[in-house]
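Peer 1: quick one, what's the 3D model for this:
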Amino acid sequence: MNFCPNCGGRLQRKRIDNVERYLCEQPECGFVNWDNPVPVVAAIVKYNDKILLAQNAIWPEGRYSFITGYLERNERPEQAVLREVKEELGLEAELEKFIGHFIFTDKNQLLIVFSVTAQGLITLNEELNDYKLYSDQEILDYMFAYPKFAQSIIKKYLLI
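Peer 2: Residues are numbered from 1 along each chain as shown. Sure, this is the predicted structure:
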């Protein structure tokens, strides 16, 4: 961002609370871009006793990951993760457990991760190209795009 979304003034960098931030140069405006992380839900989907990973339509060939989505206004994370599984896979899901929250610094996101058990016939929406199923052992060997980050989630899920 180069310009203030409130008044259109130029943004400048300034240290606030010991962090470099962008703020509006117009003294009467007061806009500060706090750059807070975006809340995202993620589902470790258990389907037919395997872990399902999906390929986003805009990702390179061979790249698969968890089902994820943005938390909507006034939505509880537990509702959001079930909604995302339904929207993206066409599956009815049931919450198993809360795995944890993880800071994904590369995209400035706070991932709120749950495991779910899903059933039904998989019907991928337009966001997804493909899916694969992995055993617990196979998922430990899968090379995610962000291996340390994703493996920390998987290991917590498997209690390793």
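
Peer 1: and residue 54, what element?
Peer 2: For residue 54, the host element (DSSP states H and E) is strand 50-56.

Peer 1: do the same with residue 150
Peer 2: Counting by DSSP H and E, residue 150 is found in helix 147-158.

Peer 1: contacts for that helix next, please.
Peer 2: With C-beta atoms under 8 Å, 6 or more residues apart in numbering as the test, helix 147-158 has contacts from 42, 44, 65-66, 99-100, 102, 104, 111, 113, 115, 136, 139-140, 144. All C-beta spots, glycine's among them, are computed from the backbone N, C-alpha and C.

Peer 1: still on that earlier bit, which elements pack onto the strand holding residue 54?
Peer 2: Taking 3 or more C-beta pairs under 8 Å, 6 or more residues apart in numbering; DSSP states H and E as the contact definition, the neighbouring helices and strands of strand 50-56 are strand 38-47, helix 77-89, strand 128-134, helix 136-141.

Peer 1: how's this structure carved up into domains?
Peer 2: 1-34, 38-158 (automatic domain parsing).

Peer 1: quick one: end-to-end length of the first one, please.
Peer 2: Counting by C-alpha to C-alpha, to the nearest Å, you get 12 Å between the two ends of domain 1-34.

Peer 1: how far does that domain sit from its chain's centre?
Peer 2: Between the centre of domain 1-34 and the centre of its host chain there is 27 Å, according to C-alpha atoms, centre = their mean, to the nearest Å.

Peer 1: same question for stretch 105-114.
Peer 2: 5 Å.

Peer 1: now do the same end-to-end measure for that stretch.
Peer 2: 19 Å.

Peer 1: tell me which of the domains of the chain is the most buried.
Peer 2: Of all the domains of the chain, domain 38-158 has the most neighbours on average by mean count of other C-beta atoms under 10 Å, namely a mean of 16.
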